[in-house]
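J.: sequence? don't have it. structure:
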């Protein structure tokens, strides 16, 4: 049997270990609150941010996940009076100088750590998966194929398909039924179809009195769809109902982000021009004899970046580039020189493949340049594709709900 003194010693030792392993909290420079974890790692948060994001029922409406602190101005004078860490509840407690009290769960704070690593992890894992750029020689390695039936019926496959579209920029679905509603079903499986000038679901086949160059049997040069839209279609879903028996009708495609990156590395002066000089993109006409007239116009560079400096959008469509070029006269020649180099790289990196009946070719319209080789219809064989668009806002939303089905916040 252990002696009474020994038992007391063990008890005191356990208490000391528990106290030594507890997380500590302190105020720094009247501007920050710092938590030191048991492993020595530190979490540091601005006081103004903590006050702005108080989670108490008075400041935060939990059911709608909405801040309800109706600041007339930012809480610039927010200053913590006392801080402590509640080990049992694993919560940071802050007593403010205005007598308000805030409580923050440790896990909630860790997910909002201001370190470089944590911020990047949020961008990659929650905001958007990072794009995998690829060259012509890597096309076979990055090609992802899925069964149409699995995408429709299995959420795990749907998520993998959407992830491929976000990362590699394209994917092929096999085994779609002989049904003109396939593109619609896929769009609605994600969320909502994007309605455009050409309707919700559109057909790509040779038409008399064509109102769009894509409706001719001629070669379709490399391009992105709808550069003349401010809110350009995110993905293009193209279902092959009938493929041409002629040697033509093959798809062509280039990773526009790869080309932009190569231009930035090898020809920085050209890259600067194509990412800064605005171009007028337009579409004027009507779709079909009974279609309403339209006049779409948007100004944007060939290469567009997002707020983080990452590639966000490629605009290129020679057929829809306006002859009105609203830039200074002395920039025109240099821009054309840069544009010529861009086109050279686009065609050097182009891959070619021909879809079969029942295939669905889906690609990122903000990133991929695509085209088609010429083909020749016959009375018994008329090439026929059915397409639809979906916006990336809808796609990323669906991807997140699949990844995080029960988010706490």
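T.: Received the coordinates, thanks. Everything numeric in this text was worked out from a predicted model, so none of it was measured. Residues are numbered from 1 along each chain as shown.

J.: how about the strands in the stretch 251-400 of the chain?
T.: 251-255, 279-286, 293-300, 303-305, 311-314, 351-353, 360-364, 368-372, 384-390 (DSSP state E, counting those that start in this stretch).

J.: off-centre distance for the longest helix seen in the chain?
T.: Using DSSP state H, we find that the single longest helix of the chain is helix 329-348. Centroid displacement of helix 329-348 relative to its chain, using CA atoms, centre = their mean, to the nearest Å, is 27 Å.

J.: now swap in stretch 62-76 and tell me
T.: For stretch 62-76 - counting by CA atoms, centre = their mean - the centre lies 28 Å from the chain centre.

J.: with stretch 154-165 instead?
T.: 14 Å.

J.: looking at the strands of the stretch 251-400 of the chain, which is nearest to residue 64?
T.: When those are compared by CB to CB, strand 384-390 sits nearest residue 64, at 26.5 Å. In short, each C-beta sits where N, CA and C put it, glycine included.

J.: for the stretch 51-200 of the chain, which segments count as helices?
T.: For the stretch 51-200 of the chain, helices defined by DSSP state H, counting those that start in this stretch occupy the ranges 106-110, 116-122, 139-142, 148-153, 155-167, 182-190.

J.: would you format those helices as TSV with distance to residue 75 included?
T.: TSV is the format used below for the helices of the stretch 51-200 of the chain (distance: least, CB to CB, whole Å):
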stretch	distance to residue 75
helix 106-110	18
helix 116-122	22
helix 139-142	48
helix 148-153	47
helix 155-167	37
helix 182-190	40
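
J.: which one of these lies nearest to residue 262?
T.: helix 139-142 (15.3 Å).

J.: so what does that closest one touch, helix or strand wise?
T.: Applying 3 or more CB pairs under 8 Å, 6 or more residues apart in numbering; DSSP states H and E, one finds that helix 139-142 contacts no other helix or strand.

J.: show me what counts as buried in that helix.
T.: 139, 142 (16 or more other CB atoms under 10 Å).

J.: and the average pLDDT for that helix is what?
T.: Throughout helix 139-142, pLDDT has a mean value of 98.

J.: which phi and psi does the most centrally placed residue in the chain have?
T.: Geometric centre of the chain, nearest residue: residue 128, 4.9 Å, by CA atoms, centre = their mean. Main-chain dihedrals, residue 128, degrees, to the nearest 10: phi -150, psi 140.

J.: which ones are touching it?
T.: Residues near residue 128 by CB atoms under 8 Å, 6 or more residues apart in numbering: 166, 396.

J.: state the pLDDT value of residue 63.
T.: Residue 63 carries a pLDDT value of 88.

J.: and for residue 218?
T.: pLDDT, residue 218: 85.

J.: what about it, how many neighbours?
T.: 14 (other CB atoms under 10 Å).

J.: return the residues in contact with it.
T.: residue 374.

J.: what does the one 4 residues further on give?
T.: Residues counted as contacts of residue 222 (CB under 8 Å, 6+ apart) are 252, 254, 316, 346-347, 350, 369-371.

J.: strands of the stretch 101-250 of the chain, start to end?
T.: Going by DSSP E, counting those that start in this stretch, the stretch 101-250 of the chain shows strands at 101-105, 145-147, 170-174, 201-204, 220-223, 235-242.

J.: residues contacting the second one, please?
T.: Applying CB under 8 Å, 6+ apart, the external contacts of strand 145-147 come out as 157, 160-161, 164, 171-175.

J.: same question, stretch 360-368
T.: In contact with stretch 360-368 (CB under 8 Å, 6+ apart) are residues 131, 148, 161, 165-166, 169-173, 176, 182-183, 186, 224-226, 232-240, 251, 253-257, 311-314, 355, 370, 389, 392.

J.: from the chain's centre, how far out does it sit?
T.: Worked out by CA atoms, centre = their mean, stretch 360-368 lies 13 Å from the chain centre.

J.: again, but for stretch 146-164
T.: Counting by CA atoms, centre = their mean, stretch 146-164 comes out at 18 Å from the chain centroid.

J.: go through that stretch and flag the buried ones.
T.: Neighbour-count burial for stretch 146-164 flags 146, 148, 150-151, 157-164 (criterion: 16+ other CB under 10 Å).

J.: farthest pair within these?
T.: 148 and 163 (17.0 Å).

J.: got the domain ranges for the chain?
T.: Residue ranges for the domains of the chain, per automatic domain parsing: 18-114, 127-403.

J.: from these, which stretch is densest packed?
T.: domain 127-403 (a mean of 17; mean count of other CB atoms under 10 Å).
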